[in-house]
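just need the structure, nothing else, for what follows:
(3 chains)
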Amino acid sequence: MLYIPCPHCGLRNENEFHYGAEAGVGYPDPNTLSDSEWAKYLHIRANPKGWLAERWVHFAGCGRWFNLWRNTVTHEIGPVYLPFTKQPKAPAPETHRDGKEGSIQ
Amino acid sequence: MIAKQSPLQGKHTGTAATVAIRELPGLFTLDLRVAPGSVAQLAVEQALGITLPAKTGQMQTVQVAGGSEAHILCLAPDWWLLVGLKDAEQKLAPLHNQYHCSVVDVSGQRTTIELEGPNAREVLAHLWEQDLREKSFPVGSVSQGLIAKAPVIACHMAPLRYRVMVRSSFAVHVWKAIVDAGVEWV
Amino acid sequence: MSEIHFYFDDQLYKGQPGEPMAAALLRGGLLSITNSTYHGRPRGVIGLGVEEPNALVQLVSGTKESMRPATVIEVAEGLTARSLTGIGALPEDAEEARYDKTNRYVDTLVVGAGVAGLTAAAEELRAGREVLLIDDQPTPGGHLRHLGLELPSALGDMLSHKNLTYISRCTATGLYDQNYIVAIERRSDHLGNAAPVNRARIRVWHIRAERVILASGAFQRPLIFANNDRPGIMLSHAAATYVAVHGVKIFKQAVVVTIDNQGYRDALRLHNAGVNVLGIYDARSTASGASVDAAKAAGIPIHFRATVLDTSSNAEGILNGVTIQDLDTKEIVQTATDLLAVSGGWTPIVDLATHIGIKPTWSGQHAAFLVNHTTDKLRTAGMLAGDFGGDDDPAVFFGPVLDAEQARTAYIDLQRDSTLHDLRRGVGAGLHSIEHIKRYTTIGTAHDQGKTSGMLTIGALCQVNNGEPARSPADIGTLTFRPPYVPIPFAALAGRERGELSDPIRITPLHQWHVEAGAVFEDVGQWKRPWYFPKPGESMEDAVKRECIAAREGVAVMDASTLGKIDIRGADAGVFLDRIYTNMFSTLPEGQCRYGLMCKADGIVFDDGVTTRLGKNHYLMTTTTGGAARVLAWLEEWLQTEWPELEVYCTSVTEHISTIALVGPKSRALLGELVKDIDLSAAAFPFMHSREATIDGIPVRIARISFSGELAFEINVNWGHARYLWEKLWKLGRPYDLTAYGTETMHVLRAEKGYVIIGQDTDGTQTPYDLNMGWIVSKKKEFIGKRSFQLPYLKAAGRQQLVGLIQQPGEELIPEGAYITVLNATQDDQGAPADRHGKTQHTGFVTSAYYSQTLGAPFALALVADGLNRMGEVVSIPIGKKVLQATICDSVFIDKENTKRD
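Predicted coordinates:
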């Protein structure tokens, strides 16, 4: 049960949120894209092993959308930022579950 | 004016010595949307004669004519519920044409269940997944969340008193869940 | 302390409060508890707690639970149980006991109230933190309890500290991200018959802690040798505890076999309790320390470089002798004994740490995997961290070398009857990974989840090298442990969310009236909606027929309050709606309504509804009942994440406004009895217009919207006034023979008019064109989804399109979902069907099907490949052995010119 830091309400259980996939993929002008570019916008989102900037909406709380960095391997949560603000850098260093670098919690 | 029926028809059970659970029907509620720090917000505050609480999760108590209390709940940076401010709708109506804001009567949208007593927090903890400790949810706090899978708004009114505002269609369901959670004390 | 009486296999036993059933059974002389599941060999208790692989019992009293080890069941007055071989039986009756859950946030959670956990809790309290201390035993102390010792007074006093909450009988079952812990507290089983009815039997704790300290301790593991499973062979610490603390007197002699100093301590306890300890057989070459000296002083013979190889039994299969091997000379000696106490090493309980991905590290000197972890959020303490106490000599990770014959009875997993022979077969088959070995042999898959067998498996794999270099335990690693740490009853996880409370039930303000009117309900999402209103003696068919006739020929009324309603305001409201809907809304005149369709960016229709313009910058949107929350979320996502510059606010008013649909040729007349302050005539109040009015001082908004194709009025009123209005309507409606109708009739009426229901007649792949609704797609403006209509697969021929199907009067109704087929008429040169699907080809499916009063025949809506170009074609619908036939037709079946609407 992830503990997600809503920028307005504070830390809340993940079941108060809906996931919105990769952050920073804006709605493009549909008429400037080829069919395959348009299909890519519709269906393709990044899914790296490691840190990913992604969108979340606090549907059971304030109802606001926001972004945060999450490590898809360790589920650590990184910096949070609002829509239309500058994306903070990805957290470093890379941390792993095998305990080789850094710690889990 | 014909009286309105409330979803729980004034149900009540238990005792404030342990935990009392009761419906507070018919609280006049306005849903206010206005951009924080905007001239529109200033206009709203001037029209109502109050300052809106600035932080999500803050609840402000306002004394109104007749000795009763009204409450302003900040649910998001640009979203408030005004509970018990009966003349607010008329006061704010003229603002719609000049300023970008939204004032909608949502009185029927929810009803309120109040829990009072030394065991109120413990009963709530069975159903409420958020932190109820004093340091996280002191008196004057409000939070939206889920109880028994239904969307609700919880308010900490007084040390031993909480209010749960629940969507009208879910009210009977949430009432049953709360009374069931209180079965060791009610 | 009074004695507790319970029954096991119809025998009466006496227990002491707080002790496990196993102790009372042993004290009562019961050594052989059951036969093993697959090999039928007699088995008895080997351990002290959740690590017990044998001794499963079936409860006959109380919850009648099955497959619980006698070592974890606390004796209680009235408890009745019987032994169990393998799979147990579930009770026939529904589970009546109460289970609940609670949520708790704490500064520090300490798991384990042994000395290490109590000490850690005391430190946290001194640092000013609030502490929650949980432990799975009835009283605190951990191993101190096994030794029969009291808590040191400082630690005992701490338990009443105001900032400490101590919960006993509470087992942490899972550790999750960001210090979330689930634990189960057993609150009433130990009270037996005296348990209060309202007290939850098990409470599931959901805990979020800023700091977690794991002091879960360790349990012993056995050794692998031939015939190592006989009743009378026990873990040494367990044997000593049963004898010294629980007063078990059935053993006269004992042989202790060990690989660490623990064996010496247990031998001494047995000796001091009067058992004749025949010898300690230590696999190591030497050992020293206080326990070794004390054993020598007590006159217990000690043999180094020796271990047990095999055992013998009496006619009942109970242990009566052991075969000892000298590890250097390989000579063997046989000794008679009735207890073989085995100290195979301590296994720290690493499970919770591994749940969140911490990898335990191998310590050769402990012969154990440890978790020695310290961060400000999570740390380990006590045996888990490698603090085994005292000044013990290093242990050895050891098992005797066994030949093929011996391996067949050398058990690794006692519950699964898996042996060393099975493991060697796995290795011989080429398996290396412990996870593969586990699945090949089923070792570790029983209720105990490898608590004692996991380490044995690792040891055996280290020994079995199959010609390759020997591996170390560090290379092999532990089994992957997953929550829950111990079995949890499903009923406990369900908690109070059962029956009525299992999912929200949403009701309208008219619900009670519907119930009293005898409505039969259907679920629409979480809502209960009247499906039909049968009069006494009516079948569903009769009722729907009567309701349809009333709606088409008289006047009928329906509760439409469940519709989603969203208030939309702002200078850019019209612009916003133009981007969301496929058709224009910024041009909708004030006071008028328009039906709109919404698509996702991929061009697929996902909701529809009527939106009314209430003012220059004010609209009221309606959505489908099931789509309300989804649509509001959709609108908010665009406003917040793409178009924050638009001045638009959306507010849900789904339950602020109730909607009553009055339908039929006589609806205007009846409404006129209710509404006096506005002109309801067709000229003054045209179709798709909205008017404000009052009824007895109550403000209402009436819209001429029709989902049936008949003259209809939707009356919108405050949720709290709906019941008053509805009852007034009924009083006035009596002379009109007003009829209540439900969702089934609503479906029939709209289907006769070809009105689509998103989610019923769509399967998530339809564009507006597929629904024959090209007319609603604006050519003038950009909107969400428009670009996707250009994609080749959305323009391709052969797409499923919405059409009607008409049948002959008297024919059987087609079930919704039925497949539509055509005979494959084309053939190849040899006369076989050209299509690879053979003779019949699937060409679509039926989405809605009803009997039409008006048509006097059954009809349906269906999605058919290229359907719009196949009008008049006859298709077949196979239902079991029957084949029904229908003709493809236009989806509007009646009143195509919409004359009845006014």
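
next, give phi and psi for the nearest residue to residue C:401 once chain neighbours are set aside.
Spatial nearest neighbour of residue C:401, excluding adjacent residues (Cβ to Cβ, 6 or more residues apart in numbering or on different chains): residue C:463 at 7.2 Å. Just so you know, the C-beta spots here come from the backbone N, C-alpha and C atoms, and that holds for glycine as well. Dihedral angles phi and psi of residue C:463 (degrees, to the nearest 10) take the values phi -80, psi -40.

any idea how far residue C:463 is from residue C:326?
Applying Cβ to Cβ, to the nearest Å, the value for residue C:463 to residue C:326 is 19 Å.

can you pull out the helices in the stretch 301-450 of chain C?
When secondary structure is read from DSSP state H, counting those that start in this stretch, the stretch 301-450 of chain C shows helices at C:351-355, C:404-407, C:420-428, C:434-441.

nearest to chain B, out of these?
helix C:351-355 (19.9 Å; Cβ to the nearest Cβ).

how about residues contacting that closest one?
For helix C:351-355, the surrounding residues in contact (Cβ atoms under 8 Å, 6 or more residues apart in numbering or on different chains) are C:111, C:172, C:174-176, C:181, C:214, C:216, C:360, C:371, C:373, C:380, C:384, C:478, C:480-483, C:485.

for it, what is the average pLDDT?
Across helix C:351-355, the average pLDDT comes to 96.

same thing with stretch C:235-245?
98.

tabulate the CA atom coordinates of it in PDB.
Only the C-alpha atoms of stretch C:235-245 are listed here, as PDB (Å, rounded to 0.1, in the frame of the first residue of the first chain):
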ATOM      1  CA  LEU C 235      13.100 -29.900  18.100                       C
ATOM      2  CA  SER C 236      15.200 -29.700  21.200                       C
ATOM      3  CA  HIS C 237      14.000 -26.300  22.400                       C
ATOM      4  CA  ALA C 238      10.400 -27.400  22.000                       C
ATOM      5  CA  ALA C 239      11.000 -30.700  23.700                       C
ATOM      6  CA  ALA C 240      12.800 -29.000  26.700                       C
ATOM      7  CA  THR C 241      10.000 -26.500  27.000                       C
ATOM      8  CA  TYR C 242       7.200 -29.000  26.900                       C
ATOM      9  CA  VAL C 243       9.000 -31.000  29.600                       C
ATOM     10  CA  ALA C 244      10.300 -28.200  31.800                       C
ATOM     11  CA  VAL C 245       7.500 -25.600  31.500                       C
END
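
what's next to it, contact-wise?
Contacts of stretch C:235-245 (Cβ under 8 Å, 6+ apart): C:22-23, C:26-27, C:45-48, C:145-148, C:219-222, C:234, C:248-249, C:251, C:254, C:256, C:258, C:262-263, C:265-267, C:269-270, C:272-273, C:275, C:339, C:341-344, C:452.

contact partners for the spatially most central residue of chain B?
Geometric centre of chain B, nearest residue: residue B:165, 5.2 Å, by Cα atoms, centre = their mean. By Cβ under 8 Å, 6+ apart, the contact list for residue B:165 reads B:81, B:110-112, B:152-155.

closest to chain C among those residues?
Looking across these and measuring by Cβ to the nearest Cβ, the closest to chain C is residue B:110, at 7.3 Å.

identify the residues contacting residue C:364.
The neighbours of residue C:364, taking Cβ under 8 Å, 6+ apart as the test, are C:394, C:397.

measure it to chain B for me?
44 Å (Cβ to the nearest Cβ, to the nearest Å).

residues touching the closest residue to residue C:586 other than its chain neighbours, list them.
Leaving out its chain neighbours, the residue that sits closest to residue C:586 by Cβ to Cβ, 6+ apart is residue C:574, at 3.2 Å. Residue C:574 is in contact with C:585-588, C:617, C:619, counting by Cβ under 8 Å, 6+ apart.

where does residue C:574 sit: helix, strand or coil?
Secondary structure assignment for residue C:574 (DSSP: H, G, I helix; E, B strand; the rest coil): helix.

helix or strand next in line after the helix or strand of chain C with the lowest mean pLDDT, which one?
In chain C, no helix or strand scores lower on mean pLDDT, DSSP states H and E than strand C:819-823, which sits at a mean of 87. Remark: after strand C:819-823, the chain's next helix or strand is strand C:840-852, criterion DSSP states H and E.

what's the offset of that following strand from the middle of its chain?
Centroid displacement of strand C:840-852 relative to its chain, using Cα atoms, centre = their mean, to the nearest Å, is 35 Å.

still on that earlier bit, for the residue nearest to residue C:401, give its distance to chain A.
Relative to chain A, and taking Cβ to the nearest Cβ, residue C:463 is found at 26 Å.

how many other residues sit next to that residue?
Residue C:463 has 18 neighbours, counted by other Cβ atoms under 10 Å in any protein chain shown.

same thing with residue C:783?
As a measure of burial, residue C:783 has 21 neighbours, counting by other Cβ under 10 Å.

give me the contacts around the helix or strand where residue C:660 lies.
Counting by DSSP H and E, the element that carries residue C:660 is strand C:657-663. Residues from elsewhere that reach strand C:657-663 (Cβ under 8 Å, 6+ apart): B:108, C:508-510, C:551, C:555-561, C:563, C:565, C:670-671, C:706-708, C:710-719, C:721-722, C:725-726, C:729, C:741, C:749.

tell me which of those residues fall in strands.
Assigned to strands by DSSP state E, the following of the contacts of strand C:657-663 qualify: C:556-559, C:565, C:712-718.

isn't residue C:177 right up against residue A:75?
Yes. Look at residue C:177 against residue A:75 with Cβ atoms under 8 Å: they come within range, at 4.6 Å.

so what sits against both of those two?
Contacts common to residue C:177 and residue A:75, judged by Cβ under 8 Å, 6+ apart, are residue A:2.

and the residue of the stretch 701-850 of chain C found nearest chain B, how many residues sit next to it?
As assessed by Cβ to the nearest Cβ, chain B sits closest to residue C:720 within the stretch 701-850 of chain C, at 2.7 Å. By the criterion of other Cβ under 10 Å, residue C:720 has 23 neighbours.

not counting its neighbours along the chain, what's nearest it?
Nearest non-adjacent residue to residue C:720, counting by Cβ to Cβ, 6+ apart: residue B:4, 2.7 Å away.

so that neighbour is in which element?
Going by DSSP H and E, residue B:4 is not part of any helix or strand.

residue C:240 too?
Here residue C:240 is assigned to helix C:236-244, by DSSP H and E.

could you list the low-pLDDT ranges of chain C?
Applying pLDDT under 70 to chain C flags the ranges C:1, C:465-468, C:823-839.

look up which residues are beta-bridged to the nearest residue to residue B:81 once chain neighbours are set aside.
In space, residue B:81 comes closest to residue B:73 once its chain neighbours are excluded; the distance is 4.4 Å by Cβ to Cβ, 6+ apart. On the basis of DSSP bridges, residue B:73 is bridged to residue B:59, residue B:81.

test my guess that residue B:73 contacts residue B:84.
No. Residue B:73 is not in contact with residue B:84 according to Cβ under 8 Å; the separation is 10.8 Å.

more neighbours: which of the two?
Counted by other Cβ under 10 Å, residue B:73 and residue B:84 do not tie: residue B:73 has more neighbours, with 25 against 17.
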